[in-house]
Each structure stands twice: as structure tokens, then as C-alpha cells.
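1. Show me the folded form of this:
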Amino acid sequence: MANTDGQMRLQVFLAHAGVASRRACEEFIKDGLVKVNGRIVTELGSKVGEEDAVVFRRRRVYPVRNFVYLALNKPPKFLSTTDDPQGRPLALDLLKPGFDMRLYPVGRLDFLSSGLIFFTNDGEFTQAVSHPRSEVEKEYLVETSKDIPEDFLRDYQKGITVGGERYRLKSYVLKSPTVVSLVLGEGKNREIRNAFASCGLYPTRVHRVRIGAVTLKGLRPGEFRRLSPGEVAAFLKKGKAHGSSN
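-> Model (predicted):
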């Protein structure tokens, strides 16, 4: 939020400019990727106003006036990043030509995974949805070629450590010997694939069906829709309640 003098912290300004979440913007600042009035600024406490020239990676940025919130059903073999040096298909391309402004994903789905992912230009929303303290549930449908041991799922629910990373499942429902519905309270990078690989299972499908109260209902692969004002407000409220936007 801006102070009464119209100034705000630099990372907040960048988030409002649609660069990324506050947390990511803090890293950009510390890495020396941001200039204010021609000078590199690395102090997170620095404040700026709309009259200041803020440049991120050689491009001047301005606070976004019109926020966009989209829910996409990402097909497999699309990257949920904003660019790819290898030229692989981007999920962002599925949103064009309807939205040609700068948008970025809220969290990630890896290249082979599919399902629900949000895109926005609102850093506050990104923070509210993705910060661990917000505890926004993510539900996945996971399929394997081998039977899934329930002992593994029970251990995963208690908490397992793989490669030094701690993973913990919130709940699960076995749909069949090789299909399970998983609910994660956080969901770390490649968590499901890493957790399953730890017991010799390699998912043939990882499909996210829900984020919070938002589901894939009515969205075929490659289709997207705007989130309703009520859906957006619910995520922002949850983020503030857990202090994720501080």
C-alpha cells in the first residue's frame, strides 16, 4: 500500500506493476536488476512514487491499473513460464490474442503435468495464492502404471523427506489401485513426482483439478476463463488473514 505521501516500497511498486509477486520482486532487487532514476537499487526498504522512473531489466515499468485474473486448463507439454530458451510451447500462448499485456503464472505446473493454473498481472494476488502461510489447497489426480501402496500414502500424509526436502500430503482418496486424488496444503516444485519416485513410482499423469474453491469445471484442455470478483476477493482475503501480503 502507498503511504499518505504517495510513496510505496520498491518491491510493492514492482508487484503492482505486474512484474511478479512481492517475494520474487525482492529477489530481483537484491540481484541488482532494478534501477530507480538511473541508479541500481538493492535496498528492500527503498521507497518510490509514481513520478520515479523505475526500470526492470532495461524496461520502464508502471503500476497496473487494470488487473487480470485467468484460470487456464493447461494441457501437457506446455511450459508455465514466461519464456523458454529452447522454444518449447508456452501456456501463455494459449491466452493470446485475447490478452496481450504482460501476464505471469501463479505457481507452476511442470512441462508434462496438466490442469488448473492461474495467470495474472497482480503481484498481491500471486502472493496470496502461492505463499505457504495462505494454506491454499491444491488438488491433483495422479495416475501410475503400478499399484500405489497405501503405506506410502499414509507415510506421505505424516510427512516424508526426499533429497533433503520435506513433503507432506494433506489428504488422499484412492480411486483405484493406480489412481489417487491428492490434496496438498502447499505444493512444492515437482513435489508429487519426487515423492512418488522415492518409492519407485513414476506418474503417467499429474493433473491439477482444483486450487482453493476454483475447479476445472467447464474448461476443456487449452480453455481459460476470467476468475469472478468473488473468487479473487476470497483468495486476497485468505492471504491477508494469514499475513502473506506483509
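2. can you list the weak-confidence ranges in the chain?
-> Counting by pLDDT under 70, the ranges of the chain that qualify are 1-6, 241-246.
3. Show me the domain layout of it.
-> Domain assignment for the chain, taken from automatic domain parsing, gives 8-60, 69-132+214-241, 137-211.
4. What is the end-to-end distance of the shortest one?
-> The first and final residues of domain 8-60 sit 17 Å from each other (Cα to Cα, to the nearest Å).
5. And stretch 210-217, by the same measure?
-> Length of stretch 210-217, first residue to last, Cα to Cα: 9 Å.
6. And that stretch, what's buried?
-> Neighbour counts over stretch 210-217 (16 or more other Cβ atoms under 10 Å) mark 210-212, 214, 216 as buried. Bear in mind the C-beta positions are built from the backbone N, C-alpha and C, glycine included.
7. Now do that stretch: everything it contacts.
-> For stretch 210-217, the external contacting residues (Cβ atoms under 8 Å, 6 or more residues apart in numbering) are 71, 73, 115-116, 118, 129, 136-139, 209, 227, 231, 234-235, 238.
8. Among those, which are located in strands?
-> 71, 73, 115-116, 118, 138-139, 209 (DSSP state E).
9. so how far is stretch 156-163 from its chain's centroid?
-> How far stretch 156-163 lies from its chain's middle: 22 Å, per Cα atoms, centre = their mean, to the nearest Å.
10. for stretch 135-155, same thing?
-> Distance of stretch 135-155 from the chain centroid (Cα atoms, centre = their mean) equals 21 Å.
11. residues of it that come out buried?
-> For stretch 135-155, the neighbour count (16+ other Cβ under 10 Å) marks 136, 138-142, 144, 148, 152-153 as buried.
12. What residues of stretch 70-88 count as buried?
-> For stretch 70-88, the neighbour count (16+ other Cβ under 10 Å) marks 70-74, 78-80 as buried.
13. hang on, I meant stretch 110-124
-> Neighbour counts over stretch 110-124 (16+ other Cβ under 10 Å) mark 113-124 as buried.
14. For these, name the two members farthest from one another.
-> The span of those, defined through Cβ to Cβ, is set by S114 and E124 at 27.3 Å.
15. The biggest helix by length in the chain: which residues count as buried?
-> Counting by DSSP state H, the longest helix found in the chain is helix 229-241. The neighbour-count check on helix 229-241 (16+ other Cβ under 10 Å) flags 231-232, 234-236, 238-239 as buried.
16. Noted, bye for now.
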